[in-house]
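>>> Turn this into a structure:
(one chain, ligands or ions: 3)
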Amino acid sequence: MARYWPEPPYTHGTAPRTGVLLVNLGTPEAPTAAAVRPYLKQFLSDPRVVEIPRLAWWPILNGIILNTRPKKSAEKYASIWMDGGSPLKVHTEKQAKLLAGYLGHGGITNVHVEWAMRYGAPAVPDVLNRMKAAGCSQILIVPLYPQYAASTTASVMDEVAHCLTRWRNLPEIRYVRNFHDHPGYIAALAQSVRDHWMKHGEGDKLVMSFHGVPRRSLDLGDPYHCECQTTARLLAAELDLPAERWQLTFQSRFGKAEWLKPYTQPTLEALARQGTQRVDVLCPGFPSDCLETLEEIGLECKHAFIESGGKTFHYIPCLNERDDWIAALTDIVRDHLGNWLTLPARDAGELAIAALRARAAGAER
Ligand SMILES: C=CC1=C(C)c2cc3[nH]c(cc4nc(cc5[nH]c(cc1n2)c(C)c5CCC(=O)O)C(CCC(=O)O)=C4C)c(C)c3C=C
Ligand SMILES: [Fe+2]
Ligand SMILES: [Fe+2]
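Ligands and ions are numbered 1, 2, ... in the order given. Now for the predicted structure:
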């Protein structure tokens, strides 16, 4: 596994104590049913994701879903697979490398940047153990979800906490709870839309499609819905878009329960039927392109829009490796590292004091 701290190491002469761990959702190792099955099993066994009593959920998961979904999902993964693997993994790995580089350019050269997946590999506990072995005694966890949801952000924190139950000497831990309204994130989204419009002209409507969650989680107090609304409003304001030129929707419904509405695909079909000629669709809740953006939006929803009478469908890619996004991520990380960043200086100070003491001790003899 590649490590991303810069060479040669550390001006202050010790291994970095500060680690940054980017965590994304996870993805199968190959676009095959055999690889999708264990990934889905781990994902859908997480009580943060499926909040149905285990006794009722196990037979459905093991008896039905894991026997039918892996094959269908594998076909979808195959349609978007990249040379380097699953798009989610390819982009997350690149973002970690770029972040380390951007931090370094900003003079922060003693931070150990790693990435992990909540489900599948590289697993959070494996990477945390590596960071421990590298000497990280303070670790910033960065779930790559702009909007907080219990099913995503909190699940990452569960996994970190669970891993640490097996450690004796605990590191100091911080985490990025959300960045749905971070000015750099909003500006990068807006610029990605403008870049698209510069090349392809503007559509009639900008649809901002966020991953859905069960409606029940909103009723129980999950701030996810509210944070998606905030992101969408800030983005529309940044683009100077009047209300009739944009719409927020929720995609990727799973299961039979009601999820957050309006649903993306039926909304696109209705827009087409009502005479909207061209839509531009953007997925602001996904910093990296993945199955849900490339296949569900870029292929399935496009097909549904055209079938319903729409003329032109544009999918606007996720932030991925955009310069302005990596710069925003660097800002977010730097803000959260806060006083940890003074450590090298403190170490250097301690070394200097130790040298003075040694010299003084020598003079006394
Ligand atoms: C962006 C944030 C995400 C939230 C919130 C979220 C909630 C959520 N998801 C499911 C079920 C599935 N999601 C799947 C894929 C998937 N989900 C996210 C992100 C969020 N999910 C991403 C980035 C991906 C793509 C993974 C990839 O490999 O590219 C899938 C698996 C794919 C499939 O078989 O369709 C499922 C299942 C639930 C139930 C849920 C909230 C309760
Ligand atoms: Fe999901
Ligand atoms: Fe999906």
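
>>> Could you pick out the residues of the chain near ligand 1 for me?
Proximity of the chain to ligand 1, by Cβ under 6 Å from any ligand atom, involves residues 25, 27, 40, 49, 69, 73, 86, 88, 145, 149, 151-152, 211, 213-214, 252, 254, 285-286, 290-292. C-betas here are computed from N, CA, C, even on glycine.

>>> Tell me the confidence at the nearest residue to Lys311 once chain neighbours are set aside?
Leaving aside its sequence neighbours, Lys311 sits nearest to Gln277 (Cβ to Cβ, 6 or more residues apart in numbering; 4.5 Å). You'll see Gln277 listed with a pLDDT of 98.

>>> For the stretch 51-200 of the chain, which segments count as strands?
In the stretch 51-200 of the chain, the strands defined using DSSP state E, counting those that start in this stretch lie at 111-119, 138-143, 172-175.

>>> Out of those strands, which gets nearest to Pro223?
strand 138-143 (14.1 Å; Cβ to Cβ).

>>> buried stuff in that closest one?
138-143 (16 or more other Cβ atoms under 10 Å).

>>> Now do the contacts for the closest residue to His180 other than its chain neighbours.
For His180, ignoring the flanking residues on the chain, the nearest one in space by Cβ to Cβ, 6+ apart is Glu227 at 4.1 Å. Glu227 makes contact with 146-148, 178, 180-181, according to Cβ atoms under 8 Å, 6 or more residues apart in numbering.

>>> These into TSV, with extra columns for neighbour count, distance to ligand 3 and pLDDT?
Formatted as TSV, these follow (neighbours: other Cβ atoms under 10 Å; distance: Cβ to the ion, whole Å; pLDDT from 0 to 100):
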residue	neighbour count	distance to ligand 3	pLDDT
Pro146	25	19	99
Gln147	25	17	99
Tyr148	19	21	99
Asn178	20	22	98
His180	23	21	98
Asp181	14	26	98
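
>>> still on that earlier bit, the residue nearest to Lys311 touches Glu202, doesn't it?
No - contact criterion Cβ atoms under 8 Å: Gln277 and Glu202 do not qualify, at 11.7 Å.

>>> Of those two, which one has the most company?
Legend: neighbour count by other Cβ atoms under 10 Å for Gln277 and Glu202, higher for Glu202 (17 against 13).

>>> Look up the closest residue to that one, ignoring the ones flanking it.
Asp280 (7.4 Å).

>>> Wait, a strand at that neighbour?
Yes - assessed with DSSP: H, G, I helix; E, B strand; the rest coil, Asp280 lies in a strand.

>>> Just give me the neighbour total for it.
22.

>>> Now for whatever residue of the stretch 1-150 of the chain ends up closest to ligand 3: which residues touch it?
Residue nearest to ligand 3 within the stretch 1-150 of the chain: Lys76 (7.6 Å; Cβ to the ion). Going by Cβ under 8 Å, 6+ apart, Lys76 touches 291, 295.

>>> No more questions from me, cheers.
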